[in-house]
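> Please work out how this folds:
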Amino acid sequence: MISNKQKNDEDIFQESIQFHQSGDLSNAQKGFEYLISKYPGSSDLLNSLGTLNLQMGEDKKGCSLLEKSLQINPNQPMISFNLGNSYLNQKNTSKALEFYTMTITKAPEYLEAYIKKGDLLTNLKIHNDAIDCFKNALKLAPKNLQILNAIGVNLLEIGEANDALEYFTQCLKIDKTIAILYNNAGLAAYKINRFNESIEYFNICINKSPTTGYFYSNRGLSFQALKKLNLAMDDFIKCISLDPKYPESYWNKSLLHLFKGNYKDGWELYEYRWQSFARKWARTYPKKLWLGNESVKNKVIFIYPEQGHGDFIHCYRYVALLKNLHPKKIILEVTEPFYKLIKSQDLEVEVIGPNTQPSKFDFYSPIMSLPLAFKTEISNVPNKCPYLLTNFNKNKMWEEKFKNNNELRVGLCWSGNPLHKNNHNRSMSLDDFSELISFPFEFYSLQKDIPHEDLKILNNSKIINHQNLLSDFSDTASFVNKMDIIISVDTVIAHLAGSLGKKTFLLLPDRSSFLWMSERKDSPWYPTIKIFRQKTLGDWNNCIKEIIKELKS
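Predicted coordinates for the structure are as follows:
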């Protein structure tokens, strides 16, 4: 390299560019740094040196230089786009979003910026914003498969499966060769309970890519929904043979085993939840995970909650079995709504809230691993009920709220948590109870949260609503305990009623939780529960008529 003193600045600039283009980054860097020392306000030089630093792996220095270039000349969309990419590589997502947005603002037709921003929003699970971003991109490229598919994927994530299917079918009209598009269409059809249609999509998908394991696992879910359980199991097994590291297939297989009553294999495979949908809740501690293989005698064991409220109540029964193993102490973490109720159950168990650090312990276990730890099978389900006690003072308070007559008290729960993945199937409309509540009984709403669309119906009905008195599950348990009969869909109320030993009529959709198994009218877990199942998915009419017949008798 000739001394800078022997060249003019334009020569040095051109030579530095040539070094850069030929891959001689070190000499290019020297040239640009020399020029910037003379012209610190040159946006072009700052851009050149910043880009060079990014190539050399000096991300922070490169970004700083590029940002200075933008401050001098803000109208440089390619620089802001490169900054977005760099910050994305550095996992600084807020900065990446900032610069992709800046790029779009300065250059509204910069398609790649929309796609990058949309993908980032998708990964951040900001799905509505991602949809808006991709729809803007679609105006620039109406037949772009990547964009159409991305909108469908995000719609699927927010539960808009009908609209998602429309976008996936648009994709298939453009290109019928891509297997993943059929897979996505199959998932959308599955979500809206069009199971035969979903299987057709998965069949084409598998035909196009027969060695992709998770396509079989997805088809297996559709077979299971149609109660073709052997075909479902075959697909889960096929997925595992093709892709032994795909955890969802083991998880799906576990639920199918449990649904069929094969608890031995089911509970073992249930541990795959930590590699599947539950990975975001997984906890690790320096002490040993307890799955029943070690003695806990004279040891301290910590149990923590997971999944839904109903799951917690379902597995709380195992705390009594744990006491029979003579640990030194049991520490039980509970979510806030359960704290008062569980705190009063057993003074020998140390109950802590969700934000309390447990004291020292020797073993730990998530509460839904206890069925495995106690080697639970259908023949030895611990079903002694009641296993929950209610508060005497709250019982008395509720008694004073009721009318002084001899009418049958019937507690109703018709809707569950809207965030539950199967809530659209398991929940009812209050209108579905219209024939039932014409009978001469006292009907009470057990709902803590009333769906907006049911409020008017509730207010115009004879159902008594004490929603404002239900601050936590201690209140709800005492309220439930004062009922003669509970009629509930598959929510925490059903578990609460069962654990209290209350006579309970459980309304189940055609697609229900593994816990209630297939076709049974009773529950091995709760002796006082009687099950009423839909004959057709979405139609509660036969269930209500059977319950009315039961109540008449």
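> Where does pLDDT dip in the stretch 351-500 of the chain?
Flagging of the stretch 351-500 of the chain using pLDDT under 70 yields the residue ranges 403-404.
> 50 instead, please
For the stretch 351-500 of the chain, no stretch has pLDDT under 50.
> now the strands: where do they sit in it?
363-366, 409-413, 442-445, 464-465, 485-489 (DSSP state E, counting those that start in this stretch).
> same check, this time on the chain
Secondary structure of the chain (DSSP state E): strands at 288-289, 300-304, 329-333, 349-352, 363-366, 409-413, 442-445, 464-465, 485-489, 504-508, 529-533.
> Tabulate these (JSON lines), appending distance to residue 121 and mean neighbour count.
In short, each C-beta sits where N, CA and C put it, glycine included. JSON lines is the format used below for those (distance: least, C-beta to C-beta, whole Å; neighbours: other C-beta atoms under 10 Å):
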{"stretch": "strand 288-289", "distance to residue 121": "36", "mean neighbour count": "16"}
{"stretch": "strand 300-304", "distance to residue 121": "32", "mean neighbour count": "22"}
{"stretch": "strand 329-333", "distance to residue 121": "34", "mean neighbour count": "20"}
{"stretch": "strand 349-352", "distance to residue 121": "37", "mean neighbour count": "18"}
{"stretch": "strand 363-366", "distance to residue 121": "32", "mean neighbour count": "21"}
{"stretch": "strand 409-413", "distance to residue 121": "37", "mean neighbour count": "23"}
{"stretch": "strand 442-445", "distance to residue 121": "39", "mean neighbour count": "21"}
{"stretch": "strand 464-465", "distance to residue 121": "40", "mean neighbour count": "16"}
{"stretch": "strand 485-489", "distance to residue 121": "34", "mean neighbour count": "25"}
{"stretch": "strand 504-508", "distance to residue 121": "37", "mean neighbour count": "24"}
{"stretch": "strand 529-533", "distance to residue 121": "41", "mean neighbour count": "19"}
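> Nearest to residue 256, out of these?
Closest approach to residue 256 among those (C-beta to C-beta): strand 504-508, 17.1 Å.
> who touches the closest one?
Strand 504-508 is contacted by residues 426, 428, 485-490, 494, 497-498, 516, 523, 526, 528-534, 540, 543, 547, 550 when judged by C-beta atoms under 8 Å, 6 or more residues apart in numbering.
> One more: stretch 369-387?
261, 263-264, 267-268, 270-271, 289-292, 303, 315-318, 320-322, 365, 498-501, 524-528.
> just checking, residue 442 touches residue 464?
Yes. Counting by C-beta atoms under 8 Å, residue 442 touches residue 464, with 6.9 Å between them.
> so residue 521 touches residue 546, yeah?
No. Taking contacts as C-beta under 8 Å, residue 521 lies outside contact range of residue 546: 9.8 Å.
> Compare these two and say which one has the larger neighbour count.
The neighbour comparison of residue 521 against residue 546 (other C-beta atoms under 10 Å) goes to residue 546, with 17 against 12.
> Show me the beta-bridge partners of residue 465.
Beta-bridge partners of residue 465, counted by DSSP bridges, are residue 445.
> Now do the contacts for it.
Per C-beta under 8 Å, 6+ apart, neighbours of residue 465: 444, 445, 447, 450, 458.
> Can you say which two of these are spatially most distant?
Farthest apart among those by C-beta to C-beta are 444 and 450. That separation is 12.9 Å.
> Pull stretch 503-518 out as PDB, backbone CA atoms only.
Extracted in PDB, the C-alpha atoms of stretch 503-518 (Å, rounded to 0.1, in the frame of the first residue of the first chain):
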ATOM      1  CA  LYS A 503     -72.500 -35.100  43.200                       C
ATOM      2  CA  THR A 504     -71.400 -33.800  39.800                       C
ATOM      3  CA  PHE A 505     -72.700 -34.000  36.300                       C
ATOM      4  CA  LEU A 506     -69.800 -33.400  34.000                       C
ATOM      5  CA  LEU A 507     -70.500 -32.300  30.400                       C
ATOM      6  CA  LEU A 508     -67.800 -33.400  28.000                       C
ATOM      7  CA  PRO A 509     -67.300 -32.500  24.300                       C
ATOM      8  CA  ASP A 510     -66.700 -35.200  21.800                       C
ATOM      9  CA  ARG A 511     -63.000 -34.300  22.000                       C
ATOM     10  CA  SER A 512     -62.100 -34.300  25.700                       C
ATOM     11  CA  SER A 513     -59.200 -34.500  28.000                       C
ATOM     12  CA  PHE A 514     -57.300 -37.800  28.500                       C
ATOM     13  CA  LEU A 515     -58.200 -37.700  32.100                       C
ATOM     14  CA  TRP A 516     -61.900 -38.600  31.400                       C
ATOM     15  CA  MET A 517     -60.800 -41.400  29.000                       C
ATOM     16  CA  SER A 518     -63.100 -42.700  26.200                       C
END
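> Quick one: distance of that stretch to the chain centre.
The chain centre lies 21 Å from the centre of stretch 503-518; the measure is C-alpha atoms, centre = their mean, to the nearest Å.
> for stretch 126-140, same thing?
23 Å.
> ok, residues contacting it?
Stretch 126-140 is touched from outside by 104, 109, 111, 114-115, 117-119, 121-122, 144, 147-148, 150-151, 154-155, 157-158, with contacts defined as C-beta under 8 Å, 6+ apart.
> Buried subset of those, written for PyMOL?
For the buried members of the contacts of stretch 126-140, the matching PyMOL selection, counting by 16 or more other C-beta atoms under 10 Å, is:
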select buried, resi 104+114+115+117+118+119+121+122+144+147+148+150+151+154+155+157
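> still on that earlier bit, closest to residue 230 out of the contacts of residue 465?
Using C-beta to C-beta, residue 447 comes nearest to residue 230 of the contacts of residue 465, at 39.0 Å.
> Please report how far the nearest residue to that closest one once chain neighbours are set aside lies from residue 445.
Nearest non-adjacent residue to residue 447, counting by C-beta to C-beta, 6 or more residues apart in numbering: residue 413, 6.0 Å away. The gap separating residue 413 from residue 445 is 8 Å, by C-beta to C-beta, to the nearest Å.
> repeat for residue 126
Residue 126 is 35 Å from residue 445, by C-beta to C-beta.
> can you pull the buried residues of stretch 492-504?
492, 493, 494, 495, 496, 497, 498, 499, 500, 501, 502, 504.
> ok, now which ones touch the residue lying closest to the second one once chain neighbours are set aside?
The spatially closest residue to residue 493, leaving aside those adjacent along the chain, is residue 413, at 3.9 Å (C-beta to C-beta, 6+ apart). With C-beta under 8 Å, 6+ apart as the criterion, the residues that contact residue 413 are 445, 446, 447, 486, 487, 488, 489, 491, 493, 494.
> if you set the cut-off to 10 Å instead, what comes out?
Listed by C-beta atoms under 10 Å, 6 or more residues apart in numbering, the contact set of residue 413 reads 427-428, 444-448, 476, 480, 486-494, 496-497, 504, 507.
> who's it bridged to?
Under the criterion used (DSSP bridges), residue 413 bridges to residue 488.
> Distance-wise, check it relative to residue 505.
11 Å.
> wait, isn't residue 170 in contact with residue 151?
Yes. Using C-beta atoms under 10 Å, residue 170 makes contact with residue 151 at a distance of 9.3 Å.
> Return every residue with contacts to both of those two.
With C-beta under 10 Å, 6+ apart, residue 170 and residue 151 have no common neighbours.
> who touches the nearest residue to residue 338 once chain neighbours are set aside in this structure?
Excluding its sequence neighbours, the residue lying closest to residue 338 (C-beta to C-beta, 6+ apart) is residue 473, at 5.3 Å. By C-beta under 10 Å, 6+ apart, the contact set of residue 473 is 309, 312-313, 334-342, 388, 448, 479-480, 492-493, 496.
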